[in-house]
Structure formats: C-alpha cells, structure tokens
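*Asks:* Fold the following, please.
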Amino acid sequence: MKRSGWSGASEYGRYLAGYNANMDVSFCVVNLNAKNHLNDCLISIPGSLDTTSYEIIITDNNSNDGSVEYIREHYPNVSVITNSRNEGYTKAINQALKCSKGDYKVILNPDSILMPNSISQILQFLRSDDSIGIVGPKVIDDSGVFQRSCRRGIARPAAVFSYFLGLSKLFPSDKKYTGYHLNHLNADDINEVSGVSGSCMVIRNNVIDDIGYFDEQYFAYQEDSDYCLTAKNNGWKIYYYPESIVKHIGGQGGSHSVRSRAIFEWHRSYVRYFYKHFANDYPNIFNIFYLIIMIAKLIFTQITYVIKK
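*Replies:* As a prediction, this is how the structure comes out:
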C-alpha cells in the first residue's frame, strides 16, 4: 500500500526495504513540534544513500502539534520513542542512539533536507580512513546561503568573544578572529576541523564505543561541539566535507519552540563547555570574569527578547 508523503511507489518501496536486521546506517532525529518539516526531512533520506540497509529512529519530546500521529500514520516503519515531557535535545538524541543498530549514525535535525547521495558521499569518505570518526556536510539554509556554524574550531574564550562581538564577520580572513566558525576557510574545501554541526553529522559507531554518548549535562546547544572535541581529544579526526550538501531550515522545532528557554540553555551550554574543557587552563579570576560576562549577556538577550516580543 502506498503511503502519503512519498512521490512514488518505487521510492516508498525503497524506504520499506531499508529495515533489515543488520544496519549500515541509523538516522537519529529529535523532534519537538516540527511536524510541518518532517515529511521533507524523511522523504529526502532514501535518495541520500546508495544502500537499502538503514533505519530511522525519531525521539519525540512531547510535541503537541500531532507529530507522533503523523509519523505513525504516514511512516509506519519509522521507530518512534515518545517522551512525556521535553527531556532536552541531548538526552533525546542519546535515547535514539542507544536503540540504533547501524555501523554509522546520522544525527539529523527534523528541519534538515538531505541532498541526493549526500550521506553516501560521507560514508565513502569515512571508509577511506579508519581514523576519521565524525564528518559533517556543507550546510546551506533555505535560500542556499552557507551556514558557517556547520564547521567549527575550538570554542576557547578568544574565539567565542570574537564570535559574540561580530569580529569574525568584520574580519572574515583574519585567523585571529575566525577561530570558532573558521570563516577564513573556503566553504568548498575539505578540511579537518574541531567540530561540526549537529544539524547533520555522521558518526562512526566505533567512536561511540570509544567515548560513549553525548553529555546530557547539555540540555541543548554545544553538545555537538563538546562531543566532537571529546572525540578529537581521544585521537579521532573530525572532518568538514563539502562534497556532501544538506539544507537546514534552522530554528524550527527543538529548543527554539520555547524561545526564552532556548536563550537560557544557549548561554548555559557555553558556560558548561568552557568549565568542562578549559577552566583549568586559566586563573580563577578569569573563570569568574567569563561567568559574569555570560550571565550579563544572558540577561541582556532575555530583556531584548521580551521587549521585541
């Protein structure tokens, strides 16, 4: 029987064929009120692969827009994990990962659309070098504009402050100011980096066996940078691979569904990242200064949001 949401019987048949006992690829998605984007995301998956050995697992964080019912009606072979409350992105993605069986895990946002062969290209690249643990594609927005955050350097304070103050945009070719989003690098060049975006990243299962799952102390935000840095510190290579392209609408569903909570968690995640990885490298007075700056920025951002609202 043909299900709505698929452009033809052959495509739906390929989708059904993807559910085998031994999986090459597991697609893991966290959803929160992103029903309007789910079809575009899910329908793009078969064409992104040259294999039929895959599974799709979606963790729903208590959506109230009918997302779960929609998935179960139109995509009955998608595995759905339902939470009775919003558990946060990081715990939810771990729930999906722990249920997955694939040799490669594709972390995918529900408002992302995979271009043809995008995942196959990344898998081929991963298989070319066993030391590569995580790969991220080139990410563009709905208008085709490159999203700089899809590749990242290490978010040390200097890089973070340059990003916050807009210096990386003012001086896009100066490495002193572009250490976080690596603006000085050509968007079309393959590069080893320190992090890639969780809007779409492919993780070799051996990495999870080695370092475990995402750190659930991050409710949302920076969990991807944290995971990549942990992998890098354990000897794995992280690559930005622009031969593969993914479209990411951005800000649809997830923590952005509750804007004030998103603002708080965004700032808290940067504090968590700094104290986890770098606080021991700086004197206590600087650590206190960093915390004060982040609290001040949080208050300013929340006030600005309330005024504009």
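*Asks:* Work out the gap between the biggest strand by length in the chain and the centre of the chain.
*Replies:* Longest strand in the chain by number of residues (criterion: DSSP state E): strand 237-248. Distance of strand 237-248 from its chain centroid, counting by C-alpha atoms, centre = their mean, to the nearest Å, is 12 Å.
*Asks:* Report pLDDT for Q252.
*Replies:* At Q252, the predicted lDDT confidence score is 54.
*Asks:* Need the distance between the two termini of stretch 47-67.
*Replies:* One end of stretch 47-67 sits 23 Å from the other (C-alpha to C-alpha, to the nearest Å).
*Asks:* returning to that earlier point: by contact count, what packs against the longest strand of the chain?
*Replies:* strand 112-114, helix 118-127, strand 132-140, strand 191-193, strand 195-196, helix 223-233 (3 or more C-beta pairs under 8 Å, 6 or more residues apart in numbering; DSSP states H and E). The C-beta positions use only the backbone N, C-alpha and C, and glycine is treated the same way.
*Asks:* That one pairs with which strands, parallel or anti?
*Replies:* Next to strand 237-248 in the sheet, as set by DSSP bridges, lie strand 112-114 (antiparallel), strand 132-140 (parallel), strand 191-193 (antiparallel).
*Asks:* Now do the next helix or strand after that strand and helix 223-233, the angle between them.
*Replies:* As assigned by DSSP states H and E, the chain's next helix or strand after strand 237-248 is helix 259-277. Interaxial angle, helix 259-277 versus helix 223-233 (axes from the mean of the first three to the mean of the last three C-alpha atoms, to 10 degrees): 20 degrees.
*Asks:* Model confidence for the closest residue to G47 other than its chain neighbours, exactly?
*Replies:* Spatial nearest neighbour of G47, excluding adjacent residues (C-beta to C-beta, 6 or more residues apart in numbering): P116 at 4.8 Å. Looking at P116, its pLDDT stands at 96.
*Asks:* Repeat that for V160.
*Replies:* 87.
*Asks:* in which helix or strand would I find it?
*Replies:* Per DSSP H and E: helix 157-164 holds V160.
*Asks:* Show me which positions of that helix end up buried.
*Replies:* Residues P157, A159, V160, S162, Y163 are the ones in helix 157-164 that count as buried (16 or more other C-beta atoms under 10 Å).
*Asks:* and which of those is nearest to S131?
*Replies:* The closest of those to S131 turns out to be A159 (C-beta to C-beta; 25.0 Å).
*Asks:* Identify the residues contacting D174.
*Replies:* By C-beta atoms under 8 Å, 6 or more residues apart in numbering, the contact set of D174 is H184.
*Asks:* Could you measure from it over to A220?
*Replies:* The spacing between D174 and A220, counted by C-beta to C-beta, to the nearest Å, is 31 Å.
*Asks:* again, but for I56
*Replies:* Applying C-beta to C-beta, the value for I56 to A220 is 21 Å.
*Asks:* Work out for me the element the residue nearest to G47 sits within.
*Replies:* Assigned by DSSP H and E, P116 belongs to neither a helix nor a strand.
*Asks:* give the contact list for I245.
*Replies:* M115, S118, P137, K138, V139, I140.
*Asks:* Kindly apply the preceding question to S269 instead.
*Replies:* Neighbour list for S269: Y218, F219, A220, Y221, Q222, E223 [criterion: C-beta under 8 Å, 6+ apart].
*Asks:* Do you know the pLDDT at it?
*Replies:* The model's pLDDT for S269 equals 94.
*Asks:* my read: Q95 touches D60, true?
*Replies:* No: using C-beta atoms under 8 Å, Q95 makes no contact with D60, being 10.1 Å away.
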